[in-house]
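In: The following block contains a protein sequence and its predicted model.
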Amino acid sequence: MINGYLFYIYNIFQIFAKKEFIGWGRKRSGMIAVKLANKFNTKFTLLEDGFIRSVGLGVDGARLLSVVEDDIGIYYDATRPSRLEMILSNYKFSDELLQDARWCMDYIITHNISKYNNAPNITQELVEKYELNRGKNILIIAQTSGDASLVYSFSDKFSTNEIMSLAIDENPGANILLKIHPDALSGKKKSDIDISNLPPQIKIITQDINPISLLKHIDKVYTKSSGMGFEALMCGCECVCFGVPFYAGWGLSDDRVKTPNRRNKKLAIEQLFAGAYLIYAKYIDPYAGQKTTLKRLLPQINAIKNARLNQSDKVKFLFGFSIWKRKFILPFLGKNLNFISTFSKDPLKIALKKGLDSNSLVYIWGKKEYPKLQKWCDENGVLITRVEDGFIRSVGLGSDLTRPYSLVFDDLGIYFDTRFESRLEHILNYHKFSQYELEFAKELREILIKSKISKYNDDKDGIIASQNGKKIALVIGQVEDDASVKIGADGMKNIELIKQARLNSPKAHIIYKPHPDVLSGNRIGKVDEKEALKYCDEIVAGVSMPVLLDLADEIHTMTSTSGLEAILRGKKVVCYGRPFWAGWGLSDDKKSLPRRYRNLSIDELIAGAYMLYPRYIHPSNLEPCGASDLVLALQKQKQELQKPINAFFHKINSLYARIGQKILYVVLFVVKR
């Protein structure tokens, strides 16, 4: 996007081309663009921040995710027409567009999406502090001094003192609050209201609070031209305007300033939203940098917003993270990380020397046991969070040191240890799934099947011959010393799994797929081929799991995540262990799982396991993302790796990673001796 001095450089070239001049709103570059367009009798386009701008403040340099383009004026300038005004006056809104508008408005309100998305939701403590649960609540919305929307919206008709006096007089006995603009709270700009001389009836909200979460507690707002006034209308509040913002004059607000005669039409809230947010504003995908829709952008913003707000500034201590894992954890946990060496004889002692205390956060990789640390955490009230690879991980094996783009953080247990409740099991047992979660789960299921994306995505999408109507049973091998097998399947061996599959499906054509980490020689679990072929019909390697799952009629597994991938395809799954996805009424379980209390739909299982439990980052920028965005990105990575030259270098890198690990193991063995 053109910005800064590039506007001027671009427009100098346009003096000769005479096609179109571009500038930013009513700032200097915009004024020059309009003058040049008039002088050379050509077009101009004025740009401005969209109504859902970013995750973070613009003054802090947050990346722009929404922009408006106007070839007539600009939306906040009520002194003359704008493209938005023309849309709202003349556009015939279709039922489909209005349905999208209702969906987006509902999502915005449900998930507290606003212009900047940098502030936390209002807490119960603040609700009580500002007495928002005791009666009628009135909110006066301050803006930044000299803001263009004030200058061009006839907002000089009323003084700030008059607005505050009217709010008090018109709402006797009400709880009246004043919200300062986030740019003023950050110290980057000056507020348009002098807070040093306020009437005693007015309370100042000194915290930066998510606007939508606050508006849910408000009955009526008073504003000059703030965009938060429109958000108030979306939340069902009354809105009194002392200026002419874009949403005034359409029959939805209480307008105290005469609005232009151009606005002579009554609109429903969804029509106004559709015109401003869906037609007028344009949106940018935060990962691809390409144009997108608001309906697609909203979940992306929500994922980034929640990840950033949930990222704690507390000091963190990480145990059991090998050297190569330390780099990839950074985008997930942020700053203040202290890694305790995996080779330390007394990890707790080292951590305490580094400052571990009762305010610290403790993370442990997988099921590694630290008895002294566990005892100290229990005594000091410190919660341990266990970390593991997510279920849509990467293109390439973890044992080849491939960066994971998905991790799980479990504050109760860990998903593969069914001896204890995990956060995932708690979600699947008790979470009330929303319509959005189920809608996105269905979409994710379709994307996973179509894209053929699995956990590692290291094999090619080869072709397997059908068996002329004969039932095909796929047996999924695993790493035999993996914790999920040792704990969840009582240490069952792969050859035993093959035998059980033949016993339960005596007439089926049985295909055995070894685990890729076992095939690479990185992990334990290789079966004797002659022995295996006594019970299965063929052993298949180098073909991707999704291709095999699509081919098979039924799947036999101990605890493999591929069982979940089979369930989402509607396949019969015979389970010989206690994986997280069993026990919900969707698989044929050979072991009992008494702690799992309810039956789930496939989409509920997907929502819990793929959407609510893991965290994701995007390969393009390592920013937080949702499952669907990661799947689409991994699909592109996988396609690139299937090109011969890329596949060659990928194999070389994997080979070096395996050799390096073996050298490291030898060195450590010698040192420990």
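Out: Received, thanks.
In: From Gly23, how far out is Gln271?
Out: 29 Å (CB to CB, to the nearest Å). To be clear about C-beta, it is placed using only N, CA and C from the backbone, and glycine gets the same treatment.
In: The two: which is more packed in?
Out: Between Gln271 and Gly23, counted using other CB atoms under 10 Å, the more crowded position is Gly23 (26 against 20).
In: And the average pLDDT for the host helix or strand of that one is what?
Out: Under the criterion of DSSP states H and E, Gly23 resides in strand 20-24. For strand 20-24, the mean per-residue pLDDT is 90.
In: residues in contact with it?
Out: For strand 20-24, the surrounding residues in contact (CB atoms under 8 Å, 6 or more residues apart in numbering) are 2-3, 7, 10-11, 14, 29-34, 36-37, 40, 42-48.
In: got the contact list for the residue nearest to Pro579 when sequence neighbours are not counted?
Out: The spatial neighbour of Pro579 that comes closest, neighbours along the chain excluded (CB to CB, 6 or more residues apart in numbering), is Thr559 at 4.0 Å. By CB under 8 Å, 6+ apart, the contact set of Thr559 is Phe416, Gln478, Ser484, Val485, Gly488, Ala489, Cys575, Gly577, Arg578, Pro579.
In: For the last one, pull up the helix or strand it's in.
Out: Right, Pro579. Pro579 belongs to no helix or strand, assigned by DSSP H and E.
In: Return the subset of the contacts of strand 20-24 lying in helices.
Out: Under the assignment DSSP state H, those contribute Phe7, Tyr10, Asn11, Gln14, Ser29, Gly30, Met31, Ile32, Ala33, Val34, Leu36, Ala37 to helices.
In: Not counting sequence-adjacent ones, nearest residue to the last one?
Out: The reference is to Ala37. Phe44 (3.7 Å).
In: how much space between His556 and Cys104?
Out: In terms of CB to CB, His556 sits 44 Å off from Cys104.
In: Please identify which of the two sits among more neighbours.
Out: His556 (29 against 23).
In: Neighbours of the residue nearest to Ala37, how many?
Out: 23.
In: Equivalent analysis for Ser114, please.
Out: Neighbour tally, Ser114, other CB under 10 Å: 23.
In: are any of the contacts of strand 20-24 buried, and which?
Out: 2, 7, 10-11, 14, 29-30, 32-34, 36-37, 40, 44-48 (16 or more other CB atoms under 10 Å).
In: Could you give me the buried positions within the helix or strand harbouring Ile350?
Out: Using DSSP H and E, Ile350 sits within helix 347-353. Neighbour-count burial for helix 347-353, counted by 16+ other CB under 10 Å, picks out Pro347, Leu348, Ile350, Ala351.
In: quick one on the thing from earlier: surely the residue nearest to Pro579 forms part of a helix?
Out: No - counting by DSSP: H, G, I helix; E, B strand; the rest coil, Thr559 is located in no helix; its state is coil.
In: could you measure the closest residue to Ala62 other than its chain neighbours against Lys203, distance?
Out: Distances taken as CB to CB, 6+ apart put Gly56 closest to Ala62, at 3.0 Å, once the chain neighbours are dropped. Distance from Gly56 to Lys203, counting by CB to CB: 27 Å.
In: repeat for Lys534
Out: Taken as CB to CB, the span from Lys534 to Lys203 is 79 Å.
In: quick one, which of these two is more surrounded?
Out: Lys203 (14 against 11).
In: Poorly predicted segments of the stretch 1-150 of the chain, please.
Out: 1-5, 7-8 (pLDDT under 70).
In: my guess is Glu443 meets Ser628, correct?
Out: Yes - proximity of Glu443 to Ser628 meets the contact threshold set by CB atoms under 8 Å, at 6.4 Å.
In: For stretch 567-584, buried residues please.
Out: 567-569, 571-584.
In: which intervals of the protein have sub-threshold pLDDT?
Out: Judged by pLDDT under 70, the stretches of the chain that qualify are 1-5, 7-8, 192, 397-401, 456-468, 641-673.
In: Report the central residue of it.
Out: Centroid-nearest residue in the chain, with CA atoms, centre = their mean: Ala303, separated by 2.0 Å.
In: need the contact list for it.
Out: Ala303 neighbours (CB under 8 Å, 6+ apart): Tyr616, Pro624, Cys625, Gly626, Asp629.
In: Tell me who's in contact with the nearest residue to it once chain neighbours are set aside.
Out: Residue nearest to Ala303 in three dimensions, not counting chain neighbours: Gly626, with 4.6 Å by CB to CB, 6+ apart. Contact analysis of Gly626 by CB under 8 Å, 6+ apart lists Pro299, Gln300, Ala303, Phe440, Met611, Tyr616.
In: Only the buried members of these: can you turn that into a PyMOL selection?
Out: Buried members of the contacts of Gly626, defined by 16+ other CB under 10 Å, are picked up in PyMOL with:
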select buried, resi 299+300+303+440+611+616
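In: Just the contacts of Gly626: which are in helices?
Out: Per DSSP H, the contacts of Gly626 map to helices at Pro299, Gln300, Ala303, Phe440.
In: got those residues as TSV, with distance to Leu407 columns?
Out: Below are the ones in helices among the contacts of Gly626 laid out as TSV (distance: CB to CB, whole Å):
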residue	distance to Leu407
Pro299	20
Gln300	19
Ala303	14
Phe440	20
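In: about what we covered before: Asp528: which of the ones in helices among the contacts of strand 20-24 is nearest?
Out: Nearest to Asp528 among the ones in helices among the contacts of strand 20-24 is Tyr10, at 69.4 Å by CB to CB.
In: And that closest one, how far from Phe40?
Out: 14 Å.
In: If Tyr283 is in a bridge, with which residues?
Out: Ser66, Thr292 (DSSP bridges).
In: Contact partners for it?
Out: Gly50, Ile52, Leu65, Ser66, Lys291, Thr292, Thr293, Leu294, Arg296, Leu297.
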